[in-house]
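[1] heads up, no residue letters with this:
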């Protein structure tokens with residue numbers, strides 16, 4: 001299996017499971033797929049973070065507002081893998097409750113990944129809501 005194929009397997013399994021859990025109110029799987037090493041950054045639709053401590057706080061705050069994820073789909077638009085780095089660009093389509101109110105929304109997300117001894121880990125995320 002090529003590096004690109006291995007990355008896509010990880011993306012469509014572990015990454016998608018972690019994101020779905022986040023929108024269901026559980027930030028543990030998302031924290032697990034993020035690098036423990038610096039730098040890590042988020043420019044998010046709801047919250048930003050500039051280091052691991054801020055990232056953990058942001059994920060805890062966000063997960064507390066999400067529940068009842070009825071659907072999560074990641075539509076991959078483009079990606080590449082170059083050695084120990086990769087990126088993705090895509091749309092995240094989500095149906096979940098936010099503060100108890102059912103919502104359906106789409107996020108545009110660009111992410112950067114680093115291959116670490118434990119596998120692929122997210123190191124940067126930029127997401128915004130599609131108007």
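    Alright, I've got the coordinates. This is a predicted model, so every value here is computed, not measured.
[2] next one: phi and psi at the residue sitting nearest the centre point of the chain?
    Nearest to the mean C-alpha position of the chain, counting by CA atoms, centre = their mean, stands residue 19 at 5.4 Å. Phi and psi for residue 19, reported as degrees, to the nearest 10, are phi -70, psi -40.
[3] wait, it sits on residue 32?
    No. Here residue 19 does not reach residue 32: they are 11.9 Å apart, not a contact under CB atoms under 8 Å. All C-beta spots, glycine's among them, are computed from the backbone N, C-alpha and C.
[4] which parts of the longest helix along the chain are buried?
    Longest helix in the chain by number of residues (criterion: DSSP state H): helix 52-65. For helix 52-65, the neighbour count (16 or more other CB atoms under 10 Å) marks 52, 55, 58, 59, 62, 63 as buried.
[5] can you check stretch 71-87 too?
    Buried, per 16+ other CB under 10 Å, within stretch 71-87: 72, 74, 79, 81, 86.
[6] ok, the residues you listed vs residue 130, which is closest?
    For those, the minimum distance to residue 130 (CB to CB) is 13.9 Å, reached by residue 74.
[7] Got the confidence number for the residue nearest to the centre of the chain?
    The score at residue 19 is 97. That number is its pLDDT.
[8] Now it. Nearest residue, chain neighbours left out?
    Leaving aside its sequence neighbours, residue 19 sits nearest to residue 72 (CB to CB, 6 or more residues apart in numbering; 5.9 Å).
[9] quick one, what contacts that neighbour?
    16, 19, 20, 23, 92, 93, 94, 95, 96 (CB atoms under 8 Å, 6 or more residues apart in numbering).
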